[in-house]
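# Here's my sequence, what's the structure:
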Amino acid sequence: MSDNLKSFLCVLMLKFNDIRIERNVKSLINSIIKGKTTKLKTISSDNKEYERFHTLLNGELKNVLDADKLNEVMGLAAAHNLSGKYNVFVVHDESDIRKKHSKKLENLGVVRDLDGKWIGGYSTYNIILIDTQDNKIYLFKSVPYSNADPKFVSKKELNLLSNNKLEDNERKKEIENFIEQRDNYNSKSICFDSIKDVTKVLRAENKDIVITHIFDRGFDDTGVFELIDSLGDNFVIRSKKNRNSNVKALNSKGNEVFLKLSKKVFENKYEFHYNKIKFKNKTYIDAKGIYEWDNVLINNVLRYVVRVRFYKKNGERIFTDDMLLLTNKIVDDSKMATYIYHIYMQRPKIESVF
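Coordinates of the predicted model:
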């Protein structure tokens, strides 16, 4: 870890022209390594040193160590390490910074705790890169943000504004000013900007690299699909439970409706028997995996979907819900169907990082 930090520091120093900032950053990194923690109070030898570290990070300095500089350095370093590689998995995920007992932090937003209750906190949008040849992981970026920031304009507020139904006139003027200055954001815009950013940085280093974006079900969005298509990239995204297929059926009232994707009969099926398979630190002996695949029209664009189920030796389901994976890769045989599952199963690696 200390070698990685020092290597990262060498690249980061190129971003600073002020020798005092450079000296303080080196001191901070050495204190983190020595103290094995990022808590400023713990690693500071006295109040003076604490204030120096705090000032370095709090945004008051013109030449500051901020998230944008860190992300720029991480992204460029990761892309450089992938130079010459033919394939990369890009894993996207959101992660909350929970501040349950904090009351006065700047723009303290709301996030969910592990029990699903709303508490104070911030959000982050994170990306890691996986070198598929050497199976190495590189951090690309982490974007912290708050839904309490005035510049955070939610989808709901945008819809109300566009329909002239936003009743708070002061907030209406504020949002309109942010939009005019192109200074507003929300979780979706951060996602879209991050997708474009990672592709731009990787292709600048290696124009022929094959990029596959991996997302969990919270990013099942046709706008995400279309953006990735436009960039010439691939995606594997877990489908929402309520996503419709393009197959119609009669409901209980006799009305014709689109059948849920989870209820659709798939055209192709493949079974594979595992002598041993492990999920969430639990090992199953003589398990069975069933892979089904088909295509589906989403907004008149052909996508492919892979459905995955696992069974114990006694025939019981290992997971209650089917895993439905959407992709713009062509899935036309069992090898490709299992490969799509393999790609998606790289996603949990980001959770161990963040």
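
# all helices of the stretch 201-350 of the chain, in order?
222-231, 334-344, 349-353 (DSSP state H, counting those that start in this stretch).

# out of those helices, nearest to Leu105?
helix 349-353 (24.2 Å; Cβ to Cβ). For every residue, glycine as well, the C-beta is placed using N, CA and C.

# Just checking: what are the partner strands of the top strand by length along the chain?
Criterion DSSP state E: the longest strand present in the chain is strand 282-298. Take DSSP bridges as the rule and strand 282-298 pairs in its sheet with strand 268-279 (antiparallel), strand 301-311 (antiparallel).

# Direction-wise, compare it with helix 334-344 and give the angle.
Using axes from the mean of the first three to the mean of the last three Cα atoms, to 10 degrees, the direction of strand 282-298 lies 110 degrees away from that of helix 334-344.

# what comes up buried for strand 282-298?
Tyr284, Ala287, Lys288, Gly289, Tyr291, Glu292, Trp293, Asp294, Val296, Ile298 (16 or more other Cβ atoms under 10 Å).

# Likewise for stretch 107-122?
In stretch 107-122, counting by 16+ other Cβ under 10 Å, buried: Leu108, Gly109, Val111, Ile119, Gly120, Gly121, Tyr122.

# Identify the residues contacting that stretch?
96-100, 102-103, 105, 123, 144-150, 152 (Cβ atoms under 8 Å, 6 or more residues apart in numbering).

# Look at that stretch and report the distance between its end residues.
In stretch 107-122, first residue to last residue: 9 Å (Cα to Cα, to the nearest Å).

# hang on, the earlier thing: weakest of the helices of the stretch 201-350 of the chain in terms of mean pLDDT?
Here the lowest mean pLDDT among the helices of the stretch 201-350 of the chain goes to helix 349-353, at a mean of 83.

# what packs against it?
Of the remaining helices and strands, those touching helix 349-353 by 3 or more Cβ pairs under 8 Å, 6 or more residues apart in numbering; DSSP states H and E are strand 87-98, strand 118-131, strand 136-145.

# How about residues contacting that helix?
Val91, His92, Asp93, Asn126, Ile127, Ile128, Ile130, Ile137, Leu139.

# rerun at 10 Å
89, 91-95, 126-128, 130, 135, 137-139, 142, 214, 216 (Cβ atoms under 10 Å, 6 or more residues apart in numbering).

# Which PyMOL command selects the buried ones in those?
Filtering the contacts of helix 349-353 down to the buried ones (16+ other Cβ under 10 Å) takes a single PyMOL command:
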select buried, resi 89+91+92+93+94+95+126+127+128+130+137+138+139+142+214+216
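
# I'd like the next helix or strand past the helix-or-strand element of the chain with minimal mean pLDDT.
Ranked by mean pLDDT, DSSP states H and E, the weakest helix or strand in the chain is helix 2-12, scoring a mean of 59. Heading C-terminal from helix 2-12, the first helix or strand you meet, by DSSP states H and E, is helix 19-35.

# Could you list the buried residues of that following helix?
For helix 19-35, by 16+ other Cβ under 10 Å, it's Ile21, Glu22, Asn24, Val25, Leu28, Ile29, Ser31, Ile32.
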